[in-house]
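J.: Sharing a model that was predicted from the sequence below.
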Amino acid sequence: MELHVHDSHEGVSRTAAETVSDTVSENPGANLLLPTGSTPRGMYRELVRLYREGGLSLSDTTIFNLDEYLGIPRDHPESYRRYMQENLYRHVDADPARTHIPDAETPAPEEECLRYDAAIKETGGADLCVLGIGRNGHIGFNEPGSPFSSRTRVMGLAESTRRANAEGFDAGAAPEQAITVGMQTIFESRKVLLLASGPEKAEAVAAAVEGEVSPQTPASMLREHPDVTFLLDREAASALRREVA
Ligand code: F6R
């Protein structure tokens, strides 16, 4: 794995956006697997800037999201469908027929998971997967205990995740369940980029980079992937024992 530490969150965002943009420039028909949350907002801002400056088109690119809450209206202000609209799609030329996210309102979640997983497989898997990391080491919504062999499925969210993502939900916590692509689906991506910033991610990053490779810290399993890069800011890297440049 590669580890890159930037002075600030902005550096992480710029580098992540450049990696996405380079992937799409080399192959306009690339398949991307993308995250939501607070960490990648800066990356999406940079991508919108690149698009406006004429340096990026997403019109032929296929984009899958990693996850979506289950049992909320599709257009709930905190739905990830809405997040992608607000942060990326309404500003760029992405083709709605090529953008995908699990259906938060599905009456048949298990079938929706199979359909979503098959759709990713049909495209040949992702050329680039961008991830954030939860404070408990989750990636996508693969919470601790997620086996390597897991595919897209319904996941009960950890209490800490529901509290961390509570903002915007009346209940004071995020929904109990989400649909997430699985560990194996992430592993089938040709290149993986994990973004982390802020002190609240330091322990999870240290566990992922220097702890045991174990389903208890799903992000640690990325160390088995042949092309994975962690892009960190100094705060997120602050609990690492190794020297970072
Ligand atoms: C969301 C996702 C999650 C987040 C993680 C960190 O699509 O895949 O794994 O990346 O919960 O969220 P933030 O960036 O809000 O701290």
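T.: Okay, I see it.

J.: mind listing the helices for the protein?
T.: 9-26, 41-52, 80-87, 109-122, 159-164, 183-187, 202-210 (DSSP state H).

J.: Please see if the shortest one touches the ligand.
T.: Meaning helix 183-187. No - applying CB under 6 Å from any ligand atom, one finds helix 183-187 out of contact with the ligand, separated by at least 9.8 Å. The C-beta positions use only the backbone N, C-alpha and C, and glycine is treated the same way.

J.: can you list the residues that contact that helix?
T.: With contact meaning CB atoms under 8 Å, 6 or more residues apart in numbering, helix 183-187 is reached by 33, 66, 117, 120, 125, 129, 131, 139-140, 142, 146-152, 192, 215, 218, 221-222, 224-225.

J.: what's the answer for the fifth one, then?
T.: Judged by CB under 8 Å, 6+ apart, the contacts made with helix 159-164 from elsewhere in the structure are Gly134, Arg135, Asn136, His138, Phe141, Glu143, Ala173, Ala174, Pro175, Glu176.

J.: give me the number of residues near the fourth one?
T.: Yep, that's His138 we're talking about. 26 (other CB atoms under 10 Å).

J.: So which residues make contact with stretch 65-73?
T.: 33-36, 76, 78-81, 84, 100-106, 109, 129, 131, 139-141, 154, 174-181, 186.

J.: Just the buried residues from the residues you listed, in ChimeraX please.
T.: Filtering those down to the buried ones (16 or more other CB atoms under 10 Å) takes a single ChimeraX command:
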select :33,34,35,36,76,78,79,80,81,84,100,101,102,103,104,106,109,129,131,139,140,141,154,174,175,177,178,179,180,181,186
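
J.: Thank you, goodbye.
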